[in-house]
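# Generate a structure from the sequence data that follows.
(chains A and B)
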Amino acid sequence: MSTDRFHALSPARTWSIIRMNASLFAGEPGPLIGRILMPLVLLTITRPLYTAALGRTGGTASAVAGMLVTFSLLGMSIVGSSILQERLWHTAPRLRASAAGPADILVGKAVPVFVLLIVQQAVILGYGRLVFGLSVGSPGLLAGTVVVWSATLTALGGLLGTLARSGGALSAMVDIGSMTVTGLGGAFVPLALLPGWAHTLAPASPGYWAVHALRGSLDGAAAATASGCLVLALIAGLAGTAAGHRLRRSSVRTGAA
Amino acid sequence: MLEVRDLTKRYGGTVALNGFTLSIAPGEIVGLIGHNGAGKSTFAEIVTGLTRPDSGTARFDGADLTRASGAVRARIGYAPQHLGLYPTATVRANLQLFGRLYGLHRRRLTGAIDRVAHDLGLTASLDRRVEVLSGGVQRRTQAATALLHEPDLLLLDEPTAGADPATRDALLAVVRDRAEAGAAVCYTTHYLPELDQLEATIAVAARGTVIARGDRDTLLSGLTGHATLRYPDGSATTIDGADPVRGLVSALLDGPSPSDVALHQPTIDDLYRHLTGGERVH
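Okay, here's the model as predicted:
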């Protein structure tokens, strides 16, 4: 008996799930617009503070990297909602009972949010470049960092979506988690200005490694970019594995006896 | 042919299935009845691959359903008890998604949507968001997602729960058509008269196992009916048991004169109560 359902990716089925999820996002664009516009507004307002403290080039890079990490972390709510809604709407078991395999469903769910996160970050970086003359040392490293960071956020958001029992719980998790990760990681306030204990805790925050990799790519420093991306990829792998495990467990029991 | 043998399933200390055995032939509609917790939904979840049994086998045309490929899944249509639709998407978008997941594309998909929408009275609702539709239309949409690809095995878990009469009639007609086309159908319901309308054979589930299986007339042949006597003061007495005729005669001879006497043939509900020692299906 073939077991292809559990292993192979069907492009047609995966694409149909991607289309549905993309249309769901398009039907409720408010959160997306907010996550894209808010960092541009805050970047415009706060950049003078950064440039006053760190100089024009360093300040602009810190402001852009900080806003990017902060608001892309808040974008995890969009990822988490996408997973949570499938459970609340009882569509998760419908998908699993169909001819689609787990790989089709996971990729079909992940791709739209992954693309959205990349678009969000591209808009912030493009705005920083065009409006404030953000210096990009290595566009290739920067693109790689954005891809790895988006994958990390997709995995972390997906994990939160499997852990939350309601929209309110997810919102609380994302708000508290993203602000903690942002603060500890030196995304909102440069690490140099934070107290000593925060320096010690900072490497435990994914935000720290995101800022590390982003600053490295903006400075054209391959080693710093690579080390940051490596840690982020590790976090993405762990979170993705945990999310997949939670999804399988939650789908095992779906209804009344 | 669906063949399920000796399925067992536990959730912690709760036994959901305990030797559940059932087979459904092509073209047959089986009405699976039982109270909540009898094992109906767990059975459906195992057949659709959502849950793995602790032991036992579930096969469809020889294919092991617990390890089935996408090709086998594509031959199964499943409408679970809970509505499982994308509420912010249109009816058409929901049908397109499930149609594509079951291998329908382009003209075949468009044709299938038009057909099932016509059969279930959904044509006027195709381009409306599911969340703004009545419960009956949502129910029909859910059933449509299971029927779209003309499955060879159709599992409908209480598809008419909360549905209006029009929805119920439309669904039953489509289910009959599907069975006439050769599909094996498992129809779970609490509305027992529907099984008569479907001319379904009956499987009675209780405590995780099938305790009776057969056609309606055979299963009811060993049962007696009951009589209801209504009196002028508004009170009423039901006479049943092993020999309701004797009881009725006795009541008429010895008791007060009733204003109305109604005789009832045995029903599936009577069968269920007889088999389970008084439990009702609801």
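# got the phi/psi numbers for B:Ser23?
phi -130, psi 150 (degrees, to the nearest 10).
# Count the neighbours of the residue lying closest to it once chain neighbours are set aside for me.
The shortest distance from B:Ser23 to any non-neighbouring residue, by CB to CB, 6 or more residues apart in numbering or on different chains, is to B:Glu3 (4.7 Å). Just so you know, the C-beta spots here come from the backbone N, C-alpha and C atoms, and that holds for glycine as well. Each residue near B:Glu3 was counted by other CB atoms under 10 Å in any protein chain shown, and the total is 16.
# and B:Glu3, what does it touch?
By CB atoms under 8 Å, 6 or more residues apart in numbering or on different chains, the residues touching B:Glu3 are B:23, B:57-60.
# separation between the residue positioned nearest the centre of chain B and B:Gly12?
By CA atoms, centre = their mean, chain B has its centre lying nearest to B:Thr188, at 1.9 Å. Remark: distance between B:Thr188 and B:Gly12 (CB to CB, to the nearest Å) = 24 Å.
# Okay, helices next: where are they in chain A?
A:11-27, A:30-54, A:56-74, A:76-88, A:91-97, A:102-132, A:139-163, A:167-185, A:196-201, A:206-219, A:222-252 (DSSP state H).
# I'd like the ones you listed as CSV, with mean pLDDT and distance to chain B appended.
CSV is the format used below for those (pLDDT from 0 to 100; distance: least, CB to the nearest CB, whole Å):
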stretch, mean pLDDT, distance to chain B
helix A:11-27, 93, 4
helix A:30-54, 92, 12
helix A:56-74, 92, 22
helix A:76-88, 89, 8
helix A:91-97, 91, 4
helix A:102-132, 93, 8
helix A:139-163, 94, 16
helix A:167-185, 89, 14
helix A:196-201, 89, 39
helix A:206-219, 94, 31
helix A:222-252, 87, 6
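# and these, which is most packed in?
With neighbours taken as mean count of other CB atoms under 10 Å in any protein chain shown, the helices of chain A reach their highest mean count in helix A:206-219, at a mean of 26.
# Between helix A:139-163 and that helix, find me the angle.
160 degrees (axes from the mean of the first three to the mean of the last three CA atoms, to 10 degrees).
# from the chain's centre, how far out does helix A:206-219 sit?
14 Å (CA atoms, centre = their mean, to the nearest Å).
# So which other helices or strands are in contact with it?
Applying 3 or more CB pairs under 8 Å, 6 or more residues apart in numbering or on different chains; DSSP states H and E, we find helix A:206-219 packed against helix A:56-74, helix A:139-163, helix A:167-185, helix A:222-252.
# right, so of those helices, which gets closest to B:Gly27?
helix A:222-252 (31.8 Å; CB to CB).
# and the closest residue in space to A:Met173 that isn't next to it in sequence, what does it touch?
Excluding the flanking residues, the one nearest A:Met173 by CB to CB, 6+ apart is A:Leu160, at 5.1 Å. Contact analysis of A:Leu160 by CB under 8 Å, 6+ apart lists A:76, A:79-80, A:170, A:173-174, A:177.
# Turn those residues into CSV, including distance to A:Ser16.
Shown next, in CSV, are the contacts of A:Leu160 (distance: CB to CB, whole Å):
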residue, distance to A:Ser16
A:Met76, 25
A:Val79, 20
A:Gly80, 23
A:Leu170, 26
A:Met173, 30
A:Val174, 28
A:Gly177, 32
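# For A:His199, see how far away the residue nearest to A:Ala202 when sequence neighbours are not counted is.
Sequence neighbours aside, A:Tyr208 is the residue nearest to A:Ala202 in space, at 4.4 Å (criterion: CB to CB, 6+ apart). Using CB to CB, A:Tyr208 is found at 10 Å from A:His199.
# what sits in contact with each of the two?
With CB under 8 Å, 6+ apart as the test, A:Tyr208 and A:His199 both reach A:Leu191.
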